[in-house]
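Peer 1: Provided below are the primary sequence and the corresponding predicted coordinates.
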Amino acid sequence: MPTLSHSKRILMVEDTASVAALYKSYLNPLDVEVEIVGTGQEALNFFAQQGDQLALIILDLRLPDMSGIDVLAHVRANAPSLPVIIMTAHGSIDAAVDAMRNGANDFLIKPCEADQLRVTVNKSLKPKVASQSQSERQEGEYHGFIGRSLPMQAVYRVIESAAPSKATVFITGESGTGKEVCAEAIHAASTRSNKPIIALNCAAIPKDLIESELFGHVKGAFTGAAAERDGAAELADGGTLFLDEICEMDLDLQSKLLRFIQTGTFQKVGSSKVKKVDVRFVCATNRDPWLEVQQGKFREDLYYRLHVIPLALPPLRDRGSDVLEIANALLALFSAEEGKDFCRFNEAVVKQLLEYDWPGNVRQLQNVIRNIVVLHNGEEVTAEMLPPPFARASGVEIASSHPNTRSEVALQTLTAREQSDDNLTVISKSDIEPLWKTEKRAIEVAIDACNGNIPQAAGLLEVSPSTIYRKLQAWQKTAAN
């Protein structure tokens with residue numbers, strides 16, 4: 001063991017003595033000497049007297065006399081290269097962004113496990129050795145995410161801090177911000193990455209089937225259970241169970257989920273046999289989970305079981321130039337898929353992409369880029385190609401720009417029918433037809449006008465292709481019956 005004089009000195013600023021003592025014990029195996037102070041002023045005094053001897057500062061954000069951000073700002077002003085690790089019990093993305101904006105080198109959430117603290121300290125003491133994750137972040141990509149903005153850098157840090165533990169991560173964020181991508185990133189960065197991550201969308205499964213989907217069922221457990229089936233809990237054994245839209249789960253099943261989380265045991269539907277598995281829980285919602293608790297829609301005890309490490313994903317409008325990075329990546333991807341030549345956006349499009357507030361977030365951006373690629377040709381995306389709400393031009397003009405004989409006939413038929421309707425002065429009850437028939441006729445005309453190209457017809461009708469596919473399938477089933 002090296003002598004104390006050769007040890008690297010670390011200043012730990014932590015106002016809870018028991019926590020400070022615990023974390024100091026975690027660092028005992030390392031060649032470090034840990035000095036502990038409990039207030040921001042004590043930290044500033046120590047730094048003024050012995051700052052040139054420090055190799056690292058571990059700084060709690062919440063101190064009894066001042067904010068840790070104030071201490072960080074003072075350290076950065078006087079020692080720009082001294083590594084600082086921020087620690088906080090409040091896993092707020094805003095706090096992480098603020099800390100990194102002021103120069104923090106890393107970010108950890110309390111409670112922190114020993115291995116994670118040691119790894120983070122070692123990494124900070126060797127700043128010239130960049131990890132694979134750091135390299136990914138510098139290139140703007142991280143386990144499926146694209147973007148290097150400060151809010152996303154904070155997300156990456158929280159993922160890295162939380163991933164090695166078994167602690168449950170509760171992801172919140174608006175629809176389309178990438179909550180499932182986040183869950184997959186946590187799994188990929190964890191020690192469970194060689195095992196499966198099983199996703200269960202609690203909003204997409206009917207109430208009477210979700211228990212079976214979660215825990216499985218035995219043969220004959222209910223009508224239609226022709227064979228025994230493993231549920232998501234068993235399939236995720238050794239890996240990660242991702243419960244998406246967790247606030248949509250029925251209250252009765254929430255109690256069973258709570259017991260499963262507490263004991264790791266469950267019973268298949270229709271079985272008395274108890275099974276035990278080892279899973280790591282990650283859950284997500286686009287709602288405010290605490291508001292759901294207050295409204296009686298989500299169990300408070302389950303909330304506290306799951307809300308261990310909160311992780312809020314920032315909306316796309318708060319991610320700055322990430323919009324362009326994501327748009328360029330999607331343009332390349334969709335162009336390859338569709339066999340198109342698009343490779344860039346012109347300046348007018350870049351301006352509009354950056355100025356738009358993206359209420360649908362990344363999912364909306366995906367739809368916009370795919371719309372452009374499917375309905376247009378060329379190497380450069382121009383403003384005229386942008387779909388609503390960017391431009392008033394709709395898919396009608398696009399689909400009709402080079403009509404063939406078949407589409408001309410279809411569109412003329414539709415126009416004639418509309419003109420005939422305009423000339424009607426008296427409408428009897430017998431002239432009224434069900435709305436679905438009108439809708440069906442409009443969709444058929446659009447598909448005919450586009451020569452059977454459903455994505456192009458969807459652009460003409462200004463709906464998503466999946467809407468048309470779903471309606472066609474429903475009409476086929478009706479006709480079959």
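Peer 2: Perfect, thanks for sending it.
Peer 1: Give the other helices and strands that the helix or strand harbouring N367 contacts.
Peer 2: Using DSSP states H and E, N367 maps to helix 361-375. When contacts are defined as 3 or more C-beta pairs under 8 Å, 6 or more residues apart in numbering; DSSP states H and E, helix 361-375 sits against helix 322-338, helix 395-400, helix 454-461. No exception for glycine: its C-beta is placed from N, CA and C like everyone else's.
Peer 1: Pick out the shakiest of these, pLDDT-wise.
Peer 2: The stretch with the lowest mean pLDDT among those is helix 395-400, at a mean of 48.
Peer 1: hey, which of the helices and strands packed on helix 361-375 is tucked in deepest?
Peer 2: helix 454-461 (a mean of 22; mean count of other C-beta atoms under 10 Å).
Peer 1: count of residues packed around E180?
Peer 2: 16 (other C-beta atoms under 10 Å).
Peer 1: Now do the contacts for K207.
Peer 2: K207 sits next to D250 when contact means C-beta atoms under 8 Å, 6 or more residues apart in numbering.
Peer 1: State the distance from it to E180.
Peer 2: 22 Å (C-beta to C-beta, to the nearest Å).
Peer 1: From K273, how far off is Q267?
Peer 2: Counting by C-beta to C-beta, the gap from Q267 to K273 is 7 Å.
Peer 1: Specify which residue of these two has the higher count of neighbours.
Peer 2: Between Q267 and K273, Q267 has the larger neighbour count (other C-beta under 10 Å), namely 16 against 7.
Peer 1: now the stretch 351-481 of the chain, which segments are flagged as low pLDDT?
Peer 2: 391-431, 477, 479-481 (pLDDT under 70).
Peer 1: Okay, strands next: where are they in it?
Peer 2: Taking DSSP state E, counting those that start in this stretch to define them, one finds strands in the stretch 351-481 of the chain at 380-381.
Peer 1: cool, and the stretch 101-250 of the chain?
Peer 2: Listed in chain order, the strands of the stretch 101-250 of the chain (DSSP E, counting those that start in this stretch) span 106-109, 141-142, 145-146, 169-172, 197-201, 216-217, 229-230, 240-244.
Peer 1: Pipe the ones you listed into JSON lines and attach mean neighbour count, distance to E14 and mean pLDDT per row.
Peer 2: Converted to JSON lines, the strands of the stretch 101-250 of the chain look like this (neighbours: other C-beta atoms under 10 Å; distance: least, C-beta to C-beta, whole Å; pLDDT from 0 to 100):
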{"stretch": "strand 106-109", "mean neighbour count": "23", "distance to E14": "12", "mean pLDDT": "78"}
{"stretch": "strand 141-142", "mean neighbour count": "20", "distance to E14": "29", "mean pLDDT": "84"}
{"stretch": "strand 145-146", "mean neighbour count": "22", "distance to E14": "31", "mean pLDDT": "93"}
{"stretch": "strand 169-172", "mean neighbour count": "24", "distance to E14": "24", "mean pLDDT": "94"}
{"stretch": "strand 197-201", "mean neighbour count": "20", "distance to E14": "34", "mean pLDDT": "94"}
{"stretch": "strand 216-217", "mean neighbour count": "22", "distance to E14": "45", "mean pLDDT": "92"}
{"stretch": "strand 229-230", "mean neighbour count": "16", "distance to E14": "45", "mean pLDDT": "92"}
{"stretch": "strand 240-244", "mean neighbour count": "25", "distance to E14": "31", "mean pLDDT": "96"}
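Peer 1: List just the one of those strands that sits closest to W436.
Peer 2: With C-beta to C-beta as the measure, strand 197-201 is the member of the strands of the stretch 101-250 of the chain nearest W436 (27.6 Å).
Peer 1: V282 is in what secondary structure piece?
Peer 2: strand 280-285.
Peer 1: and the next element down the chain from that strand?
Peer 2: Downstream of strand 280-285 (by DSSP H and E), the next one is helix 289-294.
Peer 1: what helices or strands is that following helix leaning on?
Peer 2: Counting by 3+ C-beta pairs under 8 Å, 6+ apart, helix 289-294 packs on helix 300-306.
Peer 1: what's downstream of the helix it packs on, the next helix or strand?
Peer 2: Next element after helix 300-306 (DSSP H and E): strand 309-312.
Peer 1: what distance separates that following strand from the middle of the whole chain?
Peer 2: Taking C-alpha atoms, centre = their mean, to the nearest Å, the mean C-alpha location of strand 309-312 is offset from the chain mean by 11 Å.
Peer 1: Mind listing the strands it pairs with, and their directions?
Peer 2: When pairing is defined by DSSP bridges, strand 309-312 lines up against strand 169-172 (parallel).
Peer 1: Fine by me, we can end here.
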